[in-house]
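Trainee: Compute the structure for the input listed below.
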Amino acid sequence: MGPARSAQGMTRFFAFACLWSWAFWIPMVLFFQNRGPEAGGTELAGIPIWALLLAFVGGYGPTAAGQIFSARESGRDGVKALLRRLVVYGPQKLTRGEVPTP
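Mentor: This next block holds a predicted model:
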């Protein structure tokens with residue numbers, strides 16, 4: 001893969017990740033736009049379950065983009081390699097500041 005194709009792939013990755021996330025977050029933002037602290041908009045008890053689900057699913061934009069673009073570039077083996085790295089390194093090592101190496 002040449003540098004131009006690599007840069008184009010990164011641009012598409014970031015664009016897809018942002019589009020995925022904001023496609024789920026914009027409805028939530030619009031819903032809460034007119035609900036300030038005086039209307040109870042900051043209390044967790046006043047947030048509908050659909051808004052929490054939108055926030056949760058929207059947060060997985062980069063993960064979805066990584067899996068989709070890995071599958072597109074490297075097929076099933078690329079997705080397996082991506083998921084294998086997550087299992088090998090795990091969230092504990094990443095939160096301790098250890099830098100994973102391929």
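
Trainee: list the contacts for the closest residue to Phe14 other than its chain neighbours?
Mentor: In space, and not counting its chain neighbours, Phe14 is closest to Ala65: 7.8 Å by Cβ to Cβ, 6 or more residues apart in numbering. The way it works is simple: take the backbone N, C-alpha and C, and place the C-beta from them, glycine included. By Cβ atoms under 8 Å, 6 or more residues apart in numbering, the contact set of Ala65 is Phe13, Phe14, Phe16, Ala17, Trp20.

Trainee: at 6 Å instead, please
Mentor: By Cβ atoms under 6 Å, 6 or more residues apart in numbering, Ala65 lies in contact with Phe13, Phe16, Ala17.

Trainee: what helix or strand does the first one sit in?
Mentor: This points to Phe13. Element membership for Phe13, per DSSP states H and E: helix 3-32.

Trainee: Give me the buried positions along that helix.
Mentor: Within helix 3-32, the residues that count as buried by 16 or more other Cβ atoms under 10 Å are Phe13, Phe16, Ala17, Trp20, Ser21, Phe24, Trp25, Met28.

Trainee: so which of the residues you listed comes closest to Ser70?
Mentor: For the buried residues of helix 3-32, the closest approach to Ser70 (Cβ to Cβ) belongs to Phe13, at 9.8 Å.

Trainee: tell me the contacts of that closest one?
Mentor: For Phe13, the contact set (Cβ under 6 Å, 6+ apart) comprises Ala65, Phe69.

Trainee: coming back round to it: quick one: the contacts of Ala65 as JSON lines, columns for pLDDT too.
Mentor: Formatted as JSON lines, those follow (pLDDT from 0 to 100):
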{"residue": "Phe13", "pLDDT": "89"}
{"residue": "Phe16", "pLDDT": "91"}
{"residue": "Ala17", "pLDDT": "92"}
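
Trainee: could I get the residues you listed as JSON lines with distance to Ser6?
Mentor: Putting these into JSON lines (distance: Cβ to Cβ, whole Å) gives the following:
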{"residue": "Phe13", "distance to Ser6": "10"}
{"residue": "Phe16", "distance to Ser6": "16"}
{"residue": "Ala17", "distance to Ser6": "16"}
